[in-house]
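> Sequence first, then the predicted structure:
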Amino acid sequence: MAETPGATRVLLIEGEAQIAAGLAMILGATGFAVEVANSGETGLDLARMCDFDLVLLGPNPPALADGGDMAARLRLARIDRPMRLLAATRDPGGDPAALQINPLP
């Protein structure tokens, strides 16, 4: 991860390499310091070892059924960081499980 002094440190957990690369490029270009984990285990290890400001769960989280499962594993590991689930859906109502991770204001 390229460190920029004062940059918000983001852990991006995403199983699809092309999606992860694109998201990391966009986030990096806007001033975030991004670390990418392409496996669930790597994501958990990095979340335990590093002090990230935010954890982003990509639309295709690795080795797990859905982003909610990854969020639950992070919480069980006592990773208490702000977390957001990035999702693509055609359903304007969204996924109720995602709302538990990203509560509406």
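Arrived safely, thanks for sending. Numbering: from 1, shown residues only.
> What are the buried residues along the one helix or strand residue 43 maps to?
Secondary structure assigned from DSSP states H and E places residue 43 in helix 40-49. Within helix 40-49, the residues that qualify as buried are 40, 42-44, 46-47, counting by 16 or more other Cβ atoms under 10 Å. To be clear about C-beta, it is placed using only N, CA and C from the backbone, and glycine gets the same treatment.
> Show me what the next helix or strand after it is packed against.
Following helix 40-49 in sequence order, the next helix or strand is strand 54-57 (DSSP H and E). Counting contacts by 3 or more Cβ pairs under 8 Å, 6 or more residues apart in numbering; DSSP states H and E, strand 54-57 is packed against strand 9-13, helix 67-76, strand 83-85.
> the inter-axis angle of the second one versus strand 9-13?
Same thing as helix 67-76. 130 degrees (axes from the mean of the first three to the mean of the last three Cα atoms, to 10 degrees).
> how distant is helix 67-76 from the center of its chain?
With Cα atoms, centre = their mean, to the nearest Å as the basis, helix 67-76 stands 11 Å off its chain's centre.
> what's the average pLDDT for it?
Computed over helix 67-76, the mean pLDDT rounds to 75.
> so what's the closest residue to residue 52 other than its chain neighbours bridging to?
Nearest residue to residue 52 in three dimensions, chain neighbours excluded: residue 11, at 4.4 Å (Cβ to Cβ, 6 or more residues apart in numbering). Taking DSSP bridges as the rule, residue 11 bridges to residue 35, residue 55.
> Next one: residue 11 from residue 57, what distance?
9 Å (Cβ to Cβ, to the nearest Å).
> Residue 40 too?
For residue 40 relative to residue 57 (Cβ to Cβ), the value is 10 Å.
> Equivalent analysis for residue 47, please.
11 Å.
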